[in-house]
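[1] Based on what follows, work out the 3D shape:
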Amino acid sequence: MKRDDRRQAIMDLLVRDGAVELEALATHFSVSKMTIHRDLDELEAAGLLRKIRGGATIEAGTQFESDFRFRAQQGSAAKAAMAQAALDLIEPGMSVIVNDGSMAAVLGARLTEKRPLTVLTNNAAVIDALKFESGITLIALGGGYSAKFNGYFGRVTEAALTHLRADLAFISTPAVSGTEVFHMDADVVRTKHAMMLAATKSCLLVDQSRFGHTALYKLADLSDFDAIITNRSPDETSLAVIADAGLPLTIAAEQEMNAG
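    The predicted structure follows:
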C-alpha cells in the first residue's frame, strides 16, 4: 500500500473508532512500528490527529480538536436530535447567528424550515447550504479561512460582528467542566465571544461526551447562556452542577422521546 493510501486508511480507522494503537496499525498494514510512527507524526503535524501513548486519537484534548471533515462524519444521530431542539427556539422572521462546527452545520442546513430568516454565520458549510435558498437573508462573515474548523475567523470576522445584532446566537463547544465552557483555539474563542455580544440571547450546543473536559482557553460561563442543549444526559457530576446553578438544560434525546 502506498504511503498516502495508508495514511488515509489510518484516518478512516480513527473516524470509525476514535483511537488507534500503534502496534495494531503496524500489524494491520504489515509495516514497521517506525513507519507508523512517521505516519502519525506527519498526520499530527497536519493537525489531523493527536498522538497519545501507544497510538493516536481524534478525540479532543486541551489543545487539540480534530479536523472538521472528520467531525462531520461522527455522531449524526446526536447532531440531528440537537438540531431539532435548537430549531424549536427559532421563530420565522428572527435573525440568528450560527457559529463554526459540524453540529452547527447540521442545524444550519435545516434553517430553511423556519424561513423567512436572517442568518449570520462564519461556517462555510452553512454558507454553502443556504446561499441559494429563498426566504433566507444570508450574511456571510468574512475573515481568514480555517480548513480545520471550516470557517472564517480573525479581526475581520470580529469587526463585522460589532456592527451587527441578532436575536439568537448558537454557540458550540468541545469542552465543558463544572460551570465553565472551553475551547482550544484563541481565534475561535474571540469569534464566539463576538457572536455572543452581538446577540440578544445565546444558546450553547454541546455533545454529552464533551462534559467533564477542559481545553486551553476559557470561552464563557454556562450562566452566560440563555439555553443549553445536549444530546443525552451528561454524567451525574455535571448534571448536579448544572441543576445546582439553576441553568436551563434541554436533553434532546428525551425531548425527542416525549414528542414521539
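[2] helices or strands up against the top helix by length along the chain?
    Criterion DSSP state H: the longest helix present in the chain is helix 3-17. Helix 3-17 sits against strand 19-21, helix 22-29, helix 33-45, strand 55-57, helix 68-71, with contacts defined as 3 or more C-beta pairs under 8 Å, 6 or more residues apart in numbering; DSSP states H and E. All C-beta atoms are positioned from the backbone trio N, CA, C, and that covers glycine.
[3] mean confidence score for the longest one?
    Right, helix 33-45. Here the mean pLDDT over helix 33-45 is 85, rounded to a whole number.
[4] now do the last one
    Confidence for helix 68-71, expressed as mean pLDDT, is 51.
[5] Could you look up the SS state of His213?
    Judged by DSSP: H, G, I helix; E, B strand; the rest coil, the three-state class of His213 is coil.
[6] Make residue 1 into 9 and carry on from there
    Will do, 9 is the new start, and the previous item becomes His221.
[7] ok, and the closest non-adjacent residue to it?
    Nearest non-adjacent residue to His221, counting by C-beta to C-beta, 6 or more residues apart in numbering: Ala183, 4.2 Å away.
[8] can you give me the helices in the stretch 109-258 of the chain?
    110-117, 132-138, 163-169, 194-206, 244-252 (DSSP state H, counting those that start in this stretch).
[9] which residues does Ala112 contact?
    Counting by C-beta atoms under 8 Å, 6 or more residues apart in numbering, Ala112 makes contact with Val106, Thr129, Asn131, Val134, Phe178, Ser180, Leu213.
[10] what does Ile105 give?
    Val127, Leu128, Thr129, Ala174, Leu176, Ala177, Phe178, Met203, Ala206, Ala207.
[11] Now tabulate those residues in JSON lines and tack on distance to Gly159, neighbour count and pLDDT.
    What follows is the contacts of Ile105, written out as JSON lines (distance: C-beta to C-beta, whole Å; neighbours: other C-beta atoms under 10 Å; pLDDT from 0 to 100):
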{"residue": "Val127", "distance to Gly159": "14", "neighbour count": "26", "pLDDT": "98"}
{"residue": "Leu128", "distance to Gly159": "13", "neighbour count": "24", "pLDDT": "98"}
{"residue": "Thr129", "distance to Gly159": "8", "neighbour count": "27", "pLDDT": "98"}
{"residue": "Ala174", "distance to Gly159": "17", "neighbour count": "21", "pLDDT": "98"}
{"residue": "Leu176", "distance to Gly159": "19", "neighbour count": "20", "pLDDT": "98"}
{"residue": "Ala177", "distance to Gly159": "14", "neighbour count": "26", "pLDDT": "98"}
{"residue": "Phe178", "distance to Gly159": "13", "neighbour count": "29", "pLDDT": "98"}
{"residue": "Met203", "distance to Gly159": "11", "neighbour count": "26", "pLDDT": "98"}
{"residue": "Ala206", "distance to Gly159": "16", "neighbour count": "21", "pLDDT": "98"}
{"residue": "Ala207", "distance to Gly159": "17", "neighbour count": "23", "pLDDT": "98"}
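[12] just to revisit the earlier point, mind checking the helices of the stretch 109-258 of the chain for the one nearest to Ile44?
    Ranking the helices of the stretch 109-258 of the chain by proximity to Ile44 (C-beta to C-beta) places helix 110-117 first, at 27.4 Å.
[13] Centre of the chain to the closest one, how far?
    Mean-position distance between helix 110-117 and its chain equals 9 Å (C-alpha atoms, centre = their mean, to the nearest Å).
[14] pLDDT weak spots in the protein?
    Counting by pLDDT under 70, the chain contains low-confidence residues at 68-83, 262-268.
[15] Dump the helices of the stretch 109-258 of the chain to a markdown table, plus distance to Pro100.
    Formatted as a markdown table, the helices of the stretch 109-258 of the chain follow (distance: least, C-beta to C-beta, whole Å):
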| stretch | distance to Pro100 |
| --- | --- |
| helix 110-117 | 16 |
| helix 132-138 | 15 |
| helix 163-169 | 23 |
| helix 194-206 | 21 |
| helix 244-252 | 30 |
